[in-house]
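Engineer: the amino acid sequence is not available; the structure is as follows:
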DNA sequence: AGGACGCCCTGTTCGC
DNA sequence: TGCGAACAGGGCGTCC
């Protein structure tokens, strides 16, 4: 499930493998993955040119094309990148070399024979071409990136919200990049119940939400989103049915909140008004 | 208008 | 044993 740390890892991967080498050919293996873009348009915009820069806001990755425009990538819940050179040296993103070499939807072949692949099993992801980065982010109604936003504006935005805490944090227009898994993680680290109403939350608690959001996302980016390398007190290690709280061994509770499966510790995250 | 909810999609897991 | 139902979930459309 690519959230901010995974997509940041993809961005770094793209920086390493996809920039500054002329594209010989674009292969669209599954045209349905394209958004607001035809195959012919994509080829016309990318072939013979180099990719020059990357940008990321939340879960959206943009790669600038020499001479104008951007390639945009969204990874849905099963998307990832890979790179292959020759018949050996297959490299996968986010610290997971075991990802299958399957479900390639779009492939860039460089002049030097390198292959840069966009994989997406479940087809929730999208790829396409857009002329302007900022217009793209605006059209997607993205709020500030969760690792760029500062504390005061984050708290101010949260204070305007009603409803439950977890769905608010997952709203990409409030803050971009937090998905289901890291929303559960940061609330666990805060000791806050995911159904807690935002309206009843003191500003100090919102400050703690901010602090843990940034800490969890930074920690995860620092290990290239390889979750096995995260500290043992992280919930995501046991975030599964019959899993137990890493800090107290309590049986985790699981329920659907805002339409998403939510894991939390009923002891460490008690429900308060 | 903001919040709640159903749906898209496909591979895997579960239950009868 | 085998097959169909349930499930996972980011984002968008729809409804109130």
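Structural biologist: Noted; the coordinates are in hand. Treat the numbers as computed from the prediction; the structure is a model and nothing was measured. Residues are numbered from 1 along each chain as shown, chains lettered A, B, ... in the order given.

Engineer: relative to residue A:223, how far out is the closest residue to residue A:237 other than its chain neighbours?
Structural biologist: Spatial nearest neighbour of residue A:237, excluding adjacent residues (C-beta to C-beta, 6 or more residues apart in numbering): residue A:246 at 6.2 Å. C-beta coordinates here come from the backbone N, C-alpha and C atoms, glycine included. Going from residue A:246 to residue A:223 by C-beta to C-beta, to the nearest Å gives 17 Å.

Engineer: same question for residue A:91.
Structural biologist: Between residue A:91 and residue A:223 the distance is 17 Å, computed by C-beta to C-beta.

Engineer: over to residue A:130?
Structural biologist: Taken as C-beta to C-beta, the span from residue A:130 to residue A:223 is 31 Å.

Engineer: how about residue A:45?
Structural biologist: Residue A:45 is 35 Å from residue A:223, by C-beta to C-beta.

Engineer: so these two - more neighbours on which side?
Structural biologist: When residue A:45 and residue A:223 are compared for neighbours, residue A:45 comes out ahead with 21 against 16, by other C-beta atoms under 10 Å.

Engineer: three-state assignment of that one?
Structural biologist: The three-state label for residue A:45, taken from DSSP: H, G, I helix; E, B strand; the rest coil, comes out as helix.

Engineer: check contacts around it.
Structural biologist: Residues near residue A:45 by C-beta atoms under 8 Å, 6 or more residues apart in numbering: A:65, A:68-69, A:129.

Engineer: same question for residue A:151.
Structural biologist: Per C-beta under 8 Å, 6+ apart, neighbours of residue A:151: A:207, A:210-211.

Engineer: residue A:40 too?
Structural biologist: Residue A:40 is in contact with no residue at all, counting by C-beta under 8 Å, 6+ apart.

Engineer: that one: helix or strand, and which one exactly?
Structural biologist: Using DSSP states H and E, residue A:40 maps to helix A:39-46.

Engineer: before we move on, what about residue A:63?
Structural biologist: Element membership of residue A:63, judged by DSSP H and E, is strand A:60-65.

Engineer: is the helix or strand just after that strand up against DNA strand B anywhere?
Structural biologist: Downstream of strand A:60-65, the next assigned helix or strand under DSSP H and E is strand A:70-74. No: applying C-beta under 7 Å from any atom of the strand, one finds strand A:70-74 separated from DNA strand B by no less than 12.5 Å.

Engineer: average pLDDT across strand A:70-74?
Structural biologist: For strand A:70-74, mean pLDDT is 96.

Engineer: partner strands of that strand and their direction?
Structural biologist: strand A:60-65 (antiparallel), strand A:126-130 (antiparallel) (DSSP bridges).

Engineer: distance between the strand holding residue A:63 and the chain's centre?
Structural biologist: 14 Å (C-alpha atoms, centre = their mean, to the nearest Å).

Engineer: give me the residues contacting that strand.
Structural biologist: A:7, A:10-11, A:14, A:18-19, A:45-46, A:49-56, A:70-75, A:129-130, A:133, A:136-137, A:140, A:142, A:176.

Engineer: separate out the buried members of the residues you listed.
Structural biologist: A:7, A:10-11, A:14, A:18, A:45-46, A:50-51, A:54-56, A:70-75, A:129-130, A:133, A:136-137, A:140, A:142, A:176 (16 or more other C-beta atoms under 10 Å).

Engineer: and the closest residue to residue A:180 other than its chain neighbours, how many residues sit next to it?
Structural biologist: Here the nearest residue to residue A:180 in space, its sequence neighbours aside, is residue A:260; by C-beta to C-beta, 6+ apart that works out to 4.8 Å. For residue A:260, the neighbour count with other C-beta under 10 Å is 16.
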